[in-house]
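Visitor: Sequence and predicted structure are below.
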Amino acid sequence: MPKTINSLKRRARRGVRAAAAAALLLAGAGAGAQVAPAQAAPAGEDPNYVWRTDAAAKVLAGKPGADRVLRRVPGSLHDAPRTPDEARRAQSRGNALYGPGTPIYVGAGENQLSCTVAVAGYDNAGRKVALTAGHCGNVGDPVVDADAYGLGRTGTVTAIDRNLDYALITLNPNTEVTRSYDGVTINHLGSAPLPPGQRVCKKGVASGVTCGLTWYDYNSMNINQVCAMQGDSGGPLFIGDRLVGMVNGGMFPQPLALACHTPLQGPLHAPTGSARADAVLSNLPAGFRLP
């Protein structure tokens, strides 16, 4: 890695140590406050789709004046993305909608993980497919669209590349694929290497849409200062309507791997690593095209 990146990583580590102390204080404030009962999801919907109306939850989500905030991933203090109208309309047709930023569950039982779809479309044979992070599961794992939870399994992990950390999901017949999902649209795939300082954004079920600066972008990896945490893995990294990468995870080992649990951390969290879209898409043996 270039010397400038090593220097940036050293400075980021110092920031992470300070952020860790701040995060502990924030967590303590939330844990010690008297909270109102959470409003659980209706029967047949995602059990993690939980509304909070207590002051501590709203402050930690950076929205003290809101009527309520949504939690969708354990450990996240962000106001999570809602199920969009287009997903509800698809479900009324008996289908699960997959697109950039769709929240998913991969696996079953205690091994089930919450992740996010980077993009959905078709392979060269016309099969409906979606991409997420490789560490979200294993080949053969069931996939459930969290915004169409009542439909149950609507996809299966059919291929994984551990080096690039991506998983290919083959979708069931009762699915629809789209370029636009909950305000994020992908019309273009891949990009030339991004210069340091280039602003990029991501969408994930845990922390929603967040943006930050690129530290490094070359070969198969983009390293950036975008806020992300568990649950955001697999989410699209984008500039405008162009997919430039897919969120993989934090760049530091424990104990410095401080995730972005609340927007109150600002940039004080570990850098986020993302697989470059060019590297992933060129590695798919059956190809990929947008809907």
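Guide: Perfect, I can see it now.
Visitor: end-to-end on stretch 167-181?
Guide: Here the two ends of stretch 167-181 are set 20 Å apart, with distance taken as C-alpha to C-alpha, to the nearest Å.
Visitor: element containing Cys115?
Guide: Taking DSSP states H and E as the criterion, Cys115 maps to strand 113-116.
Visitor: which strands and helices sit next to that strand?
Guide: Strand 113-116 sits against strand 103-106, strand 128-133, with contacts defined as 3 or more C-beta pairs under 8 Å, 6 or more residues apart in numbering; DSSP states H and E. Any C-beta I mention is one placed from the backbone N, CA and C, and that applies to glycine too.
Visitor: Adding mean neighbour count, write those strands out as TSV.
Guide: Converted to TSV, the helices and strands packed on strand 113-116 look like this (neighbours: other C-beta atoms under 10 Å):
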stretch	mean neighbour count
strand 103-106	27
strand 128-133	26
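Visitor: Tabulate these (CSV), appending mean pLDDT.
Guide: Converted to CSV, those look like this (pLDDT from 0 to 100):
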stretch, mean pLDDT
strand 103-106, 98
strand 128-133, 98
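Visitor: rewinding a little: direction included, what does the strand holding Cys115 pair up with?
Guide: Sheet pairing for strand 113-116, assigned by DSSP bridges, gives strand 103-106 (antiparallel).
Visitor: neighbouring contacts of the strand it pairs with?
Guide: Applying C-beta atoms under 8 Å, 6 or more residues apart in numbering, the contact partners of strand 103-106 are 46, 72, 81, 112-117, 132, 136-137, 141-147, 155, 157, 167, 169, 205, 231, 234.
Visitor: now Asp165, nearest residue through space, not along the chain?
Guide: Gly134 (4.2 Å; C-beta to C-beta, 6 or more residues apart in numbering).
Visitor: Next: Thr178.
Guide: Residue nearest to Thr178 in three dimensions, not counting chain neighbours: Gly99, with 4.0 Å by C-beta to C-beta, 6+ apart.
Visitor: what's the answer for Glu86, then?
Guide: Glu86 sits nearest to Leu97 (C-beta to C-beta, 6+ apart), 6.1 Å away.
Visitor: Which parts of the stretch 151-291 of the chain are helices?
Guide: In the stretch 151-291 of the chain, the segments counted as helices under DSSP state H, counting those that start in this stretch are 277-281.
Visitor: Assumed Glu110 was part of a helix.
Guide: Yes - residue state for Glu110 (DSSP: H, G, I helix; E, B strand; the rest coil) corresponds to a helix.
Visitor: what's the spacing between it and Gly152?
Guide: 18 Å (C-beta to C-beta, to the nearest Å).
Visitor: neighbour count winner among the two?
Guide: More crowded of Glu110 and Gly152, by other C-beta atoms under 10 Å: Gly152, with 12 against 5.
Visitor: which element is the residue nearest to the more buried one when sequence neighbours are not counted on?
Guide: Spatially, and ignoring its direct neighbours in sequence, Gly152 is nearest to Val144 (6.4 Å; C-beta to C-beta, 6+ apart). Counting by DSSP H and E, the element that carries Val144 is strand 142-145.
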